[in-house]
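*Asks:* Coordinates for the following, if possible.
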Amino acid sequence: MDGTGGRWRPDDAAGKDADMTASLGTRTLGRNGLTVSTLGLGCMGMSQSYGPADRDESIATIHRALDLGVTFLDTSDVYGSGHNEELVGEAIADRRDEVQLATKFSLTHGEDGMRIDGRPENVRARAEASLRRLGVDVIDLYYQHRVDPTVPIEDTVGAMAELVEQGKVRYLGMSEASATSLRRAVAVHPIAALQSEWSLWTRDLESAGGGGAGEDTVVGTARELGIGLVPFSPLGRGFLTGGITSPADFADDDFRRNHPRFQGEAFAANLRLVDAVRELAAEKGVTAGQLALAWVLAQGEDVVPIPGTKRRSYLEENAGAVAVQLSPDDLALLDSIGTAEGTRYPDAGYAYGDSPERVG
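*Replies:* The predicted model follows:
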């Protein structure tokens, strides 16, 4: 954005890397000193789910992120069945010291859908495989990608804690865990971060019914326990950018073609939500995506969103969101817009997981 309040453009960032890096700043996740860039980069789309990706552009996007001070990189061993970790590892090979590197384990693609495996022996094997693919000696933040409904979480986190003791992992995280799972996990080892979907159109982790326990919310429990929050899909899987106007905008291999929120009446209703975001964004001279990211960033200093992209132009636009200031009136207006129509996943059991009680 320029000083006259004009709309931000990708080429505005050219030649201003030093200023942008300084303005991005850092935030701390958890109580034990995991300091990361204020905004992260989700790398999944460079390997799967969002249509075709260009390897060279993906690597260039990661390099540009580091140049801009977006140094918190997020991947997983399941993204592209290992391809994404290899890609990220290649991109950061000569810049490892600049990066806060996060990856995840426990999910694999099976013939009958996604499988979750939180067994201790799997924790150890998957960590070793991730270290090899990433080409690093230590993972900064290691998440359980989904809670295994068949393995007590104490057993899984216990094995993760062993990785910390061995110097292979620095900090532990959970992804899409319920409030109950978070309490049980921290009883075994400190948890630095919870990664869950959180955006203007996905706010169920703020309610007792969205993975909470009793009157507890996931957000409230995480904060009580000193766990930082890492929202994925803070742009509503790209919808909140305003760039999607029809299901025909998706490539044939884009998973959003079959996503509940991009179907029929839900799609039409969600377009009206985006129109409201675009209207306020125009008033402020920013893009709809920047406004949506600014809302997430305004939810607290313990919040570090990781918008995903595989293109430098979108990365630069996202980085500009850090400079967007929202007044209490702006936040109240955005809060009043409402949330998305349609479920987050075809299988509602895929989020906010719980595990069986430990026996003995």
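
*Asks:* C-alpha from now on. contacts and neighbour counts both.
*Replies:* Noted.

*Asks:* just for the stretch 1-150 of the chain, where's the confidence low?
*Replies:* Along the stretch 1-150 of the chain, the parts satisfying pLDDT under 70 run over 1-23, 48-52.

*Asks:* how does it look with 90?
*Replies:* Counting by pLDDT under 90, the stretch 1-150 of the chain contains low-confidence ranges at 1-23, 45, 48-54, 80-81, 109-114.

*Asks:* mind listing the strands for the stretch 151-300 of the chain?
*Replies:* Along the stretch 151-300 of the chain, counting by DSSP state E, counting those that start in this stretch, strands occupy 169-175, 193-197, 228-232.

*Asks:* quick check: angle from the first one to strand 193-197?
*Replies:* Counting by axes from the mean of the first three to the mean of the last three C-alpha atoms, to 10 degrees, strand 169-175 points 30 degrees away from the direction of strand 193-197.

*Asks:* what packs against strand 169-175?
*Replies:* For strand 169-175, the packing partners by 3 or more C-alpha pairs under 8 Å, 6 or more residues apart in numbering; DSSP states H and E come out as strand 139-144, helix 153-165, strand 193-197.

*Asks:* The strands of the stretch 151-300 of the chain: which one's closest to residue 294?
*Replies:* Proximity to residue 294 (C-alpha to C-alpha) singles out strand 228-232 among the strands of the stretch 151-300 of the chain, at 12.5 Å.

*Asks:* could you list every residue that touches residue 192?
*Replies:* By C-alpha atoms under 8 Å, 6 or more residues apart in numbering, residue 192 lies in contact with 29-32, 34, 171-173, 226-228.

*Asks:* Show me the residue sitting in the middle of this protein in space.
*Replies:* Centroid check for the chain by C-alpha atoms, centre = their mean gives residue 232 as the closest residue, at 2.4 Å.

*Asks:* Ignoring the adjacent residues along the chain, who's closest to it?
*Replies:* residue 197 (4.8 Å; C-alpha to C-alpha, 6 or more residues apart in numbering).

*Asks:* The one you found: neighbour count?
*Replies:* Per other C-alpha atoms under 10 Å, the neighbour tally for residue 197 reads 25.

*Asks:* pretty sure it is touching residue 235, no?
*Replies:* No - the pair residue 197 / residue 235 is not scored as a contact, 9.8 Å apart, by C-alpha atoms under 8 Å.

*Asks:* Give me the neighbour count for residue 95.
*Replies:* 12.

*Asks:* how close does it get to residue 319?
*Replies:* Computed with C-alpha to C-alpha, to the nearest Å, the distance linking residue 95 and residue 319 is 20 Å.

*Asks:* Over to residue 131?
*Replies:* Computed with C-alpha to C-alpha, the distance linking residue 131 and residue 319 is 28 Å.

*Asks:* quick one: which of the two has more around it?
*Replies:* For residue 131 versus residue 319, neighbours defined as other C-alpha under 10 Å are more numerous around residue 319 (25 against 19).
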